[in-house]
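> please work out how this folds:
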Amino acid sequence: MALPEDRVGPLLDEVCAEFCQRHQETHKVFMERFEQVRESLAADQELSEKRRLLIGSYFLAEYSLESAALFNPSIVPHPDQTDLSAGAIRFILSLRATGEGHISSITFRTGIIHPDLRIEVLPTTGFLTEPRQIPNPFYEKALFRRKLSELGLSGEFTRRVMHKLGERFALEELRAGLQTEQFLLPNGMTQKDQDASQGIWMLARSNYEVQFQPGQQLCERILFPATPSQRNGIEDARFVCFRNEDGAPTYYATFTAYDGRVVVPELVETSDFLLFRFRTLNGPAAENKGMALFPRKIGGLYAMLSRQDNENIYLMFSDNIHFWNEHTVLLKPAFSWELVQLGNCGSPIETDAGWLVLSHGVGPMREYCIGAFLLDRDDPSKVTGRLREPLLRANEKERKGYVPNVVYTCGALLHNGYLIIPYGLADHATGFATVSFAEVLAAMEPA
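Numbering: from 1, shown residues only. All right, here's what the predicted structure looks like:
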């Protein structure tokens, strides 16, 4: 603010000359940032457009999202399968990108699996853009209260706040209710009331939406941590193309939110990869890492694989995709390469032979391998086949990286009789493996 006006323009020109070629719509971003910090200025100050842009630039910094690692991918069919040769399929690849401070986000690539199984990942533009974040349009009171109860926030303060709200309410209505209740307390807020108020607000903010512009290519879209539960990263998204009962697809992804101390599973959904809805996962069975959704309902219920105890694979069913209350052990470690830990490597894949599940096993020296097993198609609580040896383990070139001796995937694709497996290499980079599904089945031993 102390700069003379005749210095503002030249300084802004210097900034733009250095950075405008590195980013899209730089002036727009500068102005948006200025609007976010405008409240720090005196209300009666008149500023030139150039000064506002310059102030915005001072409150920005570049961040290299993939500077440390690009790994743990999942793969789903692209919604657009037009203009392809016979036998080809277009795919979307989600990846865990890790940058400075070991903060992880979700980034995307697109590509084509050609009829000869050649895998083409399309080049990126070099630009990334954060989406516009918008609050959840409405909250269902019954579901919101149910989650508050699970969080231990069902006391008198919470009851009074919720009593003021309708059966469906918006974020601003909740904010007004919290402020009113705080104002009405005759002796001020106790620590318990403050904790309840903060917990209610954090839960509401954890359910939100982000919107990208249609002109942004998929490789330019980034899902970056946006809530307190995600403060230190969004990790290991397991995307699946879920078929609703009317046949329409919805893309869901379970992921791990990490705040620096606690990991919690959360859910994101989209139908077009432009509008993404982030939702909390609730219930006593919604815990730990590695939840993976089946691609359709089974017996009228949603089904999910999980890892409740850092050791075994569990199976869960629910009539509500956001609430998971019960779980049963599905598979325990049995072989030397999985004795430390067993977990899934993405959503089950439906085949004529049953549900194919890729697993990860941890053995001596914390070596991660990828295995596979088969579940009954009508009753997935029955394991019908299992590989005794790993399907994939790191070779000498793949075992060196940020976390050595690790191969890991968050989802594979079955196409024309072949299993296409994108996988992370030593928590550093990503590769692809292909294998005949018939060979995998032939190698399985009866459970």
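
> for the protein, which residues score under the pLDDT cut-off?
The model of the chain has pLDDT under 70 over residues 184-188.

> okay, domains of it per the record?
Dividing the chain into domains by automatic domain parsing, as the record does, gives the ranges 5-58, 69-132+207-446, 137-205.

> return the most buried member of the ones you listed.
For those, the stretch with the most neighbours on average is domain 69-132+207-446, a mean of 18; neighbours defined as mean count of other CB atoms under 10 Å. In this view, the C-beta of every residue, glycine as well, is placed from N, C-alpha and C.

> all strands for the stretch 151-300 of the chain, in order.
Along the stretch 151-300 of the chain, the stretches classed as strands by DSSP state E, counting those that start in this stretch are 168-169, 208-211, 222-223, 234-243, 249-258, 263-270, 275-280, 292-293.

> so which elements touch the fifth one?
What that stands for is strand 249-258. On a contact count with 3 or more CB pairs under 8 Å, 6 or more residues apart in numbering; DSSP states H and E, strand 249-258 meets strand 104-113, strand 234-243, strand 263-270, strand 292-293.

> given that strand, what are its sheet partners and their directions?
Each strand pairing with strand 249-258, determined using DSSP bridges, is listed with its direction: strand 234-243 (antiparallel), strand 263-270 (antiparallel).

> specify the stretch among these that is closest to Tyr302.
strand 234-243 (8.9 Å; CB to CB).

> what angle do the closest one and strand 275-280 make?
Regarding strand 234-243 and strand 275-280, their directions subtend 110 degrees when assessed with axes from the mean of the first three to the mean of the last three CA atoms, to 10 degrees.

> ok, back up a step: need the strands of the stretch 151-300 of the chain in CSV with distance to Ala88, can you?
Formatted as CSV, the entries for these read as follows, by distance: least, CB to CB, whole Å:
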stretch, distance to Ala88
strand 168-169, 45
strand 208-211, 31
strand 222-223, 27
strand 234-243, 17
strand 249-258, 19
strand 263-270, 24
strand 275-280, 27
strand 292-293, 27
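
> as a markdown table, the strands paired with strand 249-258 with distance to Ala69 would be great.
Putting the strands paired with strand 249-258 into a markdown table (distance: least, CB to CB, whole Å) gives the following:
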| stretch | distance to Ala69 |
| --- | --- |
| strand 234-243 | 11 |
| strand 263-270 | 18 |
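
> out of the ones you listed, which is closest to Phe144?
strand 263-270 (15.8 Å).

> residues in contact with the closest one?
Judged by CB atoms under 8 Å, 6 or more residues apart in numbering, the contacts made with strand 263-270 from elsewhere in the structure are 206, 223, 229-230, 235, 237, 250-257, 276-281, 286-289, 291, 306, 321-322.

> check contacts around the nearest residue to Trp201 once chain neighbours are set aside.
Leaving aside its sequence neighbours, Trp201 sits nearest to Leu178 (CB to CB, 6 or more residues apart in numbering; 6.6 Å). Neighbour list for Leu178: Val161, Ser197, Ile200, Trp201 [criterion: CB under 8 Å, 6+ apart].

> repeat for Leu95
Leu70, Phe71, Asn72, Pro73, Ile106, Thr107, Phe108, Arg109, Thr430.

> pick the one among the residues you listed closest to Leu441.
Out of the contacts of Leu95, the one with the shortest distance to Leu441 is Pro73. That distance is 23.9 Å, counting by CB to CB.

> what angle separates the helix or strand hosting the closest one from strand 234-243?
Following DSSP states H and E, the helix or strand that holds Pro73 is strand 69-77. With the same axes, to 10 degrees defining the directions, strand 69-77 sits at 10 degrees from strand 234-243.

> list of residues touching strand 69-77?
Defining contact as CB under 8 Å, 6+ apart, one finds that strand 69-77 is touched by 89-98, 107, 235-241, 251, 253, 346, 401-402, 408-413, 420, 422-425, 427-430.

> still on that earlier bit, now the contacts of Leu95 in a markdown table, with distance to Gly371?
Listed next are those as a markdown table, based on distance: CB to CB, whole Å:
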| residue | distance to Gly371 |
| --- | --- |
| Leu70 | 24 |
| Phe71 | 19 |
| Asn72 | 17 |
| Pro73 | 18 |
| Ile106 | 25 |
| Thr107 | 27 |
| Phe108 | 27 |
| Arg109 | 26 |
| Thr430 | 19 |
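
> contact partners of stretch 397-408?
The contact list for stretch 397-408, computed with CB under 8 Å, 6+ apart, reads 68-69, 71-72, 345, 360, 365-370, 392-394, 423-429, 431.

> give me that answer again for 7 Å
Under the criterion CB atoms under 7 Å, 6 or more residues apart in numbering, residues 68-69, 72, 345, 360, 365-370, 392-394, 423-428 lie in contact with stretch 397-408.

> endpoints of it, how far apart?
15 Å (CA to CA, to the nearest Å).

> keeping just the C-alphas, turn stretch 200-210 into PDB.
What follows is stretch 200-210 as a C-alpha-only set of coordinates in PDB (Å, rounded to 0.1, in the frame of the first residue of the first chain):
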ATOM      1  CA  ILE A 200     -20.800 -29.300  14.300                       C
ATOM      2  CA  TRP A 201     -19.100 -26.800  12.000                       C
ATOM      3  CA  MET A 202     -16.300 -29.100  11.000                       C
ATOM      4  CA  LEU A 203     -18.700 -31.900  10.200                       C
ATOM      5  CA  ALA A 204     -20.700 -29.500   7.900                       C
ATOM      6  CA  ARG A 205     -17.500 -28.200   6.200                       C
ATOM      7  CA  SER A 206     -16.300 -31.800   5.600                       C
ATOM      8  CA  ASN A 207     -19.300 -32.300   3.200                       C
ATOM      9  CA  TYR A 208     -18.800 -30.000   0.200                       C
ATOM     10  CA  GLU A 209     -18.600 -29.900  -3.600                       C
ATOM     11  CA  VAL A 210     -16.100 -28.600  -6.100                       C
END
